[in-house]
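Peer 1: next one to model:
(chains A and B)
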There are 2 protein chains.
Amino acid sequence: MGDLLAAVRPAAQRTPISGIIRTANYGRAKGPGIIPLWAGEGDLPTPRFIAEAAAKALYDGETFYTHSRGIPELREALAGYYETQFGRPFDPDTFFVTGSGMQAIQLCVAMTVGHDEEILIPSPSWPNATGASTVIGANPVAVPMREADGRWVLTVEDLERAMTPKTRAIFVNSPANPTGWTATQEEMEAILAFARANELWIIADEIYSRFIWTGAERAPSFLDIAEPDDRILWVGTFSKNWAMTGWRMGWIHAPLALRQTLENLIQYSTSGTAVFMQRAGVVALTEGEWFVKSMIERARIGRDIVTEALSGRNRVTFAPPDGAFYAFFKVAGLESSQQAAFALIDEASVGTAPGTAFGDIGEGYVRVCFLRSKDSLTEAMQGIVKYLETLG
Amino acid sequence: MGDLLAAVRPAAQRTPISGIIRTANYGRAKGPGIIPLWAGEGDLPTPRFIAEAAAKALYDGETFYTHSRGIPELREALAGYYETQFGRPFDPDTFFVTGSGMQAIQLCVAMTVGHDEEILIPSPSWPNATGASTVIGANPVAVPMREADGRWVLTVEDLERAMTPKTRAIFVNSPANPTGWTATQEEMEAILAFARANELWIIADEIYSRFIWTGAERAPSFLDIAEPDDRILWVGTFSKNWAMTGWRMGWIHAPLALRQTLENLIQYSTSGTAVFMQRAGVVALTEGEWFVKSMIERARIGRDIVTEALSGRNRVTFAPPDGAFYAFFKVAGLESSQQAAFALIDEASVGTAPGTAFGDIGEGYVRVCFLRSKDSLTEAMQGIVKYLETLG
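Peer 2: Reported below is the predicted structural model:
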């Protein structure tokens, strides 16, 4: 058996297990009764009006192969949604439907970073950007962010220090998972200037842009400052705004010049996304704004609950995040985030993500997703606080 | 614009456009009215009892993240289906649900063939195996098959000639798309012995195994002859047997030792497949045998129609295939398969796949899919024959 594994391509062998998945698998094996705050998803299923569009298309027989880059109706709906968000028209041909935001990231890495080349990933970071790079044979390079007074900071100097002649891209996730770090427009301009000067691609993961707690309508975006010939690829997903995590449907927004190449990459990866799912995507984008607003409000309340539960706690360092829907807090004296995540499942029936899932820099941290009903989240936080008290 | 494309990773730039997709895009742009024989799909939508299972799960709120490698129920159903096919028990943990058979192939290549290493692909071949290899940074090496009396032949000597110290895997598609070539058990044993002797992986694409016209119940399989420690990965799909082409759902069957590595690769590619789709997969596998049989019968009738239409035609060389549901025929004097495919759309309202989509060796050939209703297929073949007559 060991021989078979040894015969596997080294890049595949190197691809790490996700610390989130390891914890979720452990929790799922325990059966129901665990409150799952380990993943980046809420507790609401996809709303009925969106699910119905998929069911209707299924019954209508929309079960055949379709355009690799997505049906025209969905690409038009995406362009319309972006127009609403950014106040200017977008070309539907610059949108590419993918089989998840995850696949969007993998394709963007495959577009930009070759074998033995490097992609800079500010860290702590969602492990899947790192994983996607490893699968492709690229080398992910963690760029450690610094925490000062509970705020995470990423500077151009940090990126510069990590850059080598092999660097091809920067993965910029803002608002960030897990830290909630949200780049200001000035910080984005600095990163863009750095990328331009060094001919690096930016893979912009702004999927949490609507979940922003600074008082703004949405987070700053590279779309506010980019020129048409900038080397930027944006990844998107239906997962968060419309409670469609399980659907595995996302998109890429990319310069028109890359259209055929991206279509080819989609063709040879999954060959497109089910039409009946895309019909639901159209409904989400064109009729789902009220639901997105309710999700944002749900997260706002969740953020308050988590903040109240953690503030003033012995051992805990936590500042409420500027964006996204995660609390990423430090627990003084915690020797193993992973062991703590297992213990929280066993002793408090709460599923969290260990800080180490987001890089070595995350040791000592715990991440919880707070996109959840008041009662369930309150109960979960009571369990967490009680567990923390057992640490003495 | 050109600068942006030039800045793309070379492996992505090299990834070729699919000749099937190029033709289908051309045909789709013409609007309805074209009989589409270009793709490997029939004209029946997914049957209602399968679609209903997905719709029900959607309404039941099964829209959350799930196990990366598939829900236990579907992996158990896959094990049960294999037990029926091969007459012995299978471990559900050796099955991995993927977001299409295409993704199954891409993951298998990612598991076995590294940057600048080689995978042997007997040719003519479905272009996506080649494309998947290129995306990953591997070098696909076409192994030309030979045609004698309309039968395609692949020998171990052909593979040996193509092998280099960089060869890591062989892609074996039997029954084959587009040629219908179906390896006998003896031929499979010879390929397996060759792979063992040279420590090569076999990626076994046996998705057409039920569509067999030699009188056998199913095509010979590497599962009939493999030992547990053989380096073989099997890819599977719901697309063909159950008319689920548009769903994008497939699977891998692989040795247990690779379980964690494959789970990681799925996690960082699409992070799993929608639960509501997987529920439909369970129903297909456990209640869909009557439908599979009706699909096989449909293809059998289609094969007769195509055979009758093409036999004795001036310029045409065609022997009915042993397996799968494609007619791949040679047209003497055809200068460009691609131009002929466009012309057939324009002049005969029939969509075919140009032979060159399956490799340079396919120039002069045309592929049609015959999994289609009698009337529609008869009409399409009349159009094709009429077009061929215009060639003189």
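
Peer 1: what's the burial count for A:Thr84?
Peer 2: 9 (other CB atoms under 10 Å in any protein chain shown). Where you see a C-beta, it was placed from the backbone N, CA and C, and this is true even at glycine.

Peer 1: that one and A:Asn314, how far apart?
Peer 2: 46 Å (CB to CB, to the nearest Å).

Peer 1: need the residues of the stretch 151-300 of chain A near chain B, please.
Peer 2: A:168, A:199, A:201, A:229, A:231, A:243-248, A:255-258, A:260-261, A:263-265, A:267-277 (CB under 8 Å from any CB of the partner chain).

Peer 1: among those residues, name the ones in strands.
Peer 2: Assignment to strands by DSSP state E places the following of these there: A:Arg168, A:Trp201.

Peer 1: make a PyMOL selection of the buried ones in the residues of the stretch 151-300 of chain A next to chain B.
Peer 2: In PyMOL, this line selects whichever of these come out buried by 16 or more other CB atoms under 10 Å in any protein chain shown:
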select buried, chain A and resi 168+201+231+243+244+245+246+247+248+255+257+258+261+263+264+265+267+268+269+270+271+272+273+274+275+276+277
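
Peer 1: just the strands in the stretch 1-150 of chain A please.
Peer 2: Using DSSP state E, counting those that start in this stretch, the strands of the stretch 1-150 of chain A run over residues A:35-36, A:95-98, A:118-123, A:139-144, A:146-148.

Peer 1: nearest to B:Gly383, out of those?
Peer 2: strand A:95-98 (32.4 Å; CB to CB).

Peer 1: hmm, who's touching that closest one?
Peer 2: Residues outside strand A:95-98 that contact it (CB atoms under 8 Å, 6 or more residues apart in numbering or on different chains) are A:69-71, A:74-75, A:78-79, A:104, A:107, A:249-254, A:259, A:262-263, A:266, A:270, A:272-273, A:278, A:281.

Peer 1: for that strand, what is the average pLDDT?
Peer 2: Average pLDDT, strand A:95-98: 98.

Peer 1: parallel or antiparallel, list what pairs with it.
Peer 2: strand A:250-253 (antiparallel) (DSSP bridges).

Peer 1: flag the shaky bits of chain A, pLDDT-wise.
Peer 2: The model of chain A has pLDDT under 70 over residues A:1-2.

Peer 1: mind listing the helices for it?
Peer 2: Taking DSSP state H as the test, the helices found in chain A are A:2-6, A:10-14, A:19-29, A:48-59, A:72-86, A:101-112, A:127-136, A:156-162, A:185-197, A:259-267, A:275-287, A:289-310, A:337-348, A:374-390.

Peer 1: ok and the residue in the stretch 151-300 of chain A nearest chain B?
Peer 2: A:Tyr268 (3.4 Å; CB to the nearest CB).

Peer 1: and for that residue, nearest residue in space, chain neighbours not counted?
Peer 2: By the measure of CB to CB, 6 or more residues apart in numbering or on different chains, the closest residue to A:Tyr268 outside its immediate chain neighbours is B:Gly131, 3.4 Å from it.

Peer 1: please apply the same query to A:Lys240.
Peer 2: The shortest distance from A:Lys240 to any non-neighbouring residue, by CB to CB, 6+ apart, is to A:Ile207 (5.9 Å).

Peer 1: can you get me a residue count around that neighbour?
Peer 2: Neighbour number of A:Ile207 under other CB under 10 Å is 25.

Peer 1: contacting residues around it?
Peer 2: Contacts of A:Ile207 (CB under 8 Å, 6+ apart): A:Gly101, A:Val235, A:Gly236, A:Thr237, A:Ser239, A:Lys240.

Peer 1: closest one of the residues you listed to A:Gly137?
Peer 2: For the contacts of A:Ile207, with A:Gly137 as the reference and CB to CB as the criterion, the closest is A:Val235, at 19.6 Å.

Peer 1: which one is that closest one nearest to, not counting chain neighbours?
Peer 2: In space, A:Val235 is closest to A:Ala104, 3.9 Å off (CB to CB, 6+ apart).

Peer 1: equivalent analysis for A:Ala226, please.
Peer 2: Closest to A:Ala226 by CB to CB, 6+ apart is A:Ile232, at 5.4 Å.

Peer 1: so in terms of bridging, what pairs with that neighbour?
Peer 2: A:Ile202.

Peer 1: OK, contacts around it?
Peer 2: A:Leu192, A:Ala195, A:Trp201, A:Ile202, A:Ile203, A:Ala204, A:Phe222, A:Ala226, A:Pro255.

Peer 1: let's go with 7 Å and repeat that
Peer 2: A:Ile232 makes contact with A:Ile202, A:Ala204, A:Phe222, A:Ala226, according to CB atoms under 7 Å, 6 or more residues apart in numbering or on different chains.

Peer 1: how much space between the last one and B:Leu58?
Peer 2: Here the distance between A:Ala226 and B:Leu58 works out to 37 Å (CB to CB).

Peer 1: any idea how far A:Val366 is from A:Pro255?
Peer 2: 39 Å.

Peer 1: repeat that for A:Pro45.
Peer 2: 36 Å.

Peer 1: again with A:Leu377
Peer 2: A:Leu377 is 41 Å from A:Pro255, by CB to CB.

Peer 1: same question for A:Leu154.
Peer 2: For A:Leu154 relative to A:Pro255 (CB to CB), the value is 25 Å.

Peer 1: ok, and the closest non-adjacent residue to A:Gly364?
Peer 2: A:Leu334 (4.8 Å).

Peer 1: look at the one you found and say how many residues are nearby.
Peer 2: A:Leu334, neighbours per other CB under 10 Å, totals 18.
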